[in-house]
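Student: sequence and predicted structure below; questions after.
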Amino acid sequence: MSSNQTMDVEALDDAPVLGLVEGIVALRQQAAQVHAAEVRLLAGAGELAASRSAVLRSDSREREMHLRSIAAELALAVRASDRTVQRQINDAVVLADDFTPVLEALEEGRIFVGHARVIVDAGTPIQDAEARVAFATEAVSRAENLSPSRLRPAVEALAERFQPRTVTERHRDARADRAVTVTDRADGMGELTYIGPATLVHGIYDRLTQQARAVRNAAAQPGASFGPAAVAADSAGAEASGQTASDCAPELVPDPRTIDQLRADIFADMLLTSAPQDDPTIDPSADPSLGFGGLGAIRAIVHVTVPALSLAGLSDEPAELVGRAPIDIDTARHLAGMTSGWDRVLSDPITGGILAVDRYTPNADLKRFLRARDEHCRFPGCRQPVHRCDIDHGRDWAHGGTTCAHNLHHLCRRHHTLKHATAWQVRNLGGGILEWTSPTGQIYIDHPPSRVRFTPTGPPPPF
């Protein structure tokens, strides 16, 4: 660098940069303080529910209804899931009661939200109340000089000092929390999460990797695309024509899938068919990079709504995995081709209202109508699909309610219990529109999902 360039750099005014830094720091501190204030309010909600439940001499499930009711009230006010709000209330109670030094540091702006989450995650396994507070105090002092990513290993090591039990003993208890969960993602995708012992997790991943590499290597071998029987037949035909087997060797077609895609497809095949294999329901000429393997083995309860024009190939409108997320039309067509029977739902193409449902049989017809109308739990904001829900009478049967579409709707078990165990009330306004009234008198309207999946541009199809 020349002396002139050095002078130019030294002459730059750093005041604007300093102003930006100070401004961002001030906003982050304010965000930490706002978060701490919200934690105090949410913890107060938890304490209120606990005080109301303390007077009950019943099982824990009934006592939880107060918490569920308050969580539902807050959730609808901020347009969030009541399950999420209830979890936030529980987390706030833990932070306020068990990690008081962390909450105080947030209120003072000495640490940020990311630091608090890392400290709580590391300190939650500490069971002794005094030890947990001592841990939190020391963790906060370290957080004041570290980023959350660097803080995590430091506080995890610190937490071990406050544990009266060994890692082996705690691991035995932790295994009880093993689980598999599903999270919906955009563009018709989903995420399956397995929580289990680290040795099994890494073992599963390593086996998938080895099998994915084996599939990729096999695809690069002569004749791999045709299988052993086809290779033998080709060799016999070559000898009869006076050609060598190498003259008739098929052109190698490498597998186009990445290692990640191969791992995912093998994972699905192994879970759905017990062993990695090609799916016989898929056209062999189809692009394997699409990852359709395993669809032929699906035997779970899956409710898919497919627009008639899309099913006929006249439209590209997406189908819907009812109550969950849109799915691509190619997957829907494959599933439709494997089903043994369909429920046809006729709907108004403008309003989306249900006009008729076929298979007119007592009771079953009404259930099909309700499934087609509701698609998911009808408590505002809930998306549990109908096959996981109960059919609830808006006006109780014991109080004169009738079993008809105008008095029935789907509720998941959580919100079905909430309706009967608390002061929440529901009324059908007609057309499947529900009016919910909270214990505090707030009113929320829930409309049935729209049945419009496409906009008609010509005469109806001939079916």
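Tutor: Noted; the coordinates are in hand.

Student: what about W436, is that helix, strand or coil?
Tutor: Of the three states, W436 takes strand under DSSP: H, G, I helix; E, B strand; the rest coil.

Student: that should have said V426, apologies.
Tutor: strand.

Student: ok, it touching E435?
Tutor: Yes. Contact criterion CB atoms under 8 Å: V426 and E435 qualify, at 7.0 Å. C-betas here are computed from N, CA, C, even on glycine.

Student: so for these two, which sits in the more crowded spot?
Tutor: V426 (20 against 14; other CB atoms under 10 Å).

Student: gap between that one and L418?
Tutor: From V426 across to L418, the span is 10 Å (CB to CB, to the nearest Å).

Student: same check, this time on D187
Tutor: Distance from D187 to L418, by CB to CB: 33 Å.

Student: what of D177?
Tutor: Distance from D177 to L418, by CB to CB: 26 Å.

Student: more neighbours: which of the two?
Tutor: L418 (21 against 8).

Student: mind listing the helices for the stretch 1-150 of the chain?
Tutor: For the stretch 1-150 of the chain, applying DSSP state H, counting those that start in this stretch gives helices covering 3-11, 15-53, 60-78, 82-98, 100-107, 113-123, 129-143, 148-161.

Student: list the buried residues of the shortest one.
Tutor: Yep, that's helix 100-107 we're talking about. P101, V102, L103, A105, L106 (16 or more other CB atoms under 10 Å).

Student: and the second one, what pLDDT?
Tutor: Which is V102. We have a pLDDT of 96 for V102.

Student: settle this for me: it is touching V140, isn't it.
Tutor: Yes. With contact defined as CB under 8 Å, V102 reaches V140; the gap is 6.0 Å.

Student: any common contacting residues for the two?
Tutor: I111, I119 (CB atoms under 8 Å, 6 or more residues apart in numbering).

Student: excluding chain neighbours, what is closest to R161?
Tutor: F135 (8.0 Å; CB to CB, 6 or more residues apart in numbering).

Student: also V155?
Tutor: Nearest to V155 is A122, by CB to CB, 6+ apart, at 4.2 Å.

Student: repeat that for G430.
Tutor: Per CB to CB, 6+ apart, closest to G430 is H406, 6.8 Å.

Student: I433 against P449, yeah?
Tutor: No. With contact defined as CB under 8 Å, I433 does not reach P449; the gap is 11.8 Å.

Student: okay, the two: which has more neighbours?
Tutor: Set I433 next to P449 and count neighbours by other CB under 10 Å: P449 wins out with 18 against 13.

Student: is it true that that one lies in a helix?
Tutor: No. The assignment for P449, made by three-state DSSP, is coil rather than a helix.

Student: quick one: contacts for it?
Tutor: D374, E375, H376.

Student: any idea how far L18 is from A129?
Tutor: A129 is 43 Å from L18, by CB to CB.

Student: same check, this time on P254
Tutor: 56 Å.

Student: what of L434?
Tutor: Distance from L434 to L18, by CB to CB: 56 Å.

Student: ranges for the helices of the stretch 151-300 of the chain?
Tutor: Using DSSP H, counting those that start in this stretch, helices in the stretch 151-300 of the chain cover 167-174, 198-219, 227-240, 259-273.

Student: neighbours of the spatially closest residue to G114 that is not a sequence neighbour, just the number please.
Tutor: Nearest residue to G114 in three dimensions, chain neighbours excluded: P148, at 3.9 Å (CB to CB, 6+ apart). A count of neighbours around P148, defined by other CB under 10 Å, yields 17.

Student: in the stretch 301-450 of the chain, which spans are helices?
Tutor: According to DSSP H, counting those that start in this stretch, the helices that the stretch 301-450 of the chain contains are 308-311, 329-338, 364-374, 413-421.

Student: wait, which of those helices is closest to A157?
Tutor: helix 413-421 (39.1 Å; CB to CB).

Student: what is the mean pLDDT for that closest one?
Tutor: On average, helix 413-421 scores 92.

Student: same deal with stretch 20-32?
Tutor: 92.

Student: doesn't T402 make contact with N428?
Tutor: No. Judged on CB under 8 Å, N428 makes no contact with T402 at a distance of 10.9 Å.

Student: who has more neighbours, the two?
Tutor: Between N428 and T402, counted using other CB under 10 Å, N428 has the larger neighbour count: 18 against 12.

Student: thinking again about what came up before, redo the helices of the stretch 151-300 of the chain as CSV? Include distance to A75.
Tutor: Listed next are the helices of the stretch 151-300 of the chain as CSV, based on distance: least, CB to CB, whole Å:
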stretch, distance to A75
helix 167-174, 30
helix 198-219, 33
helix 227-240, 56
helix 259-273, 34
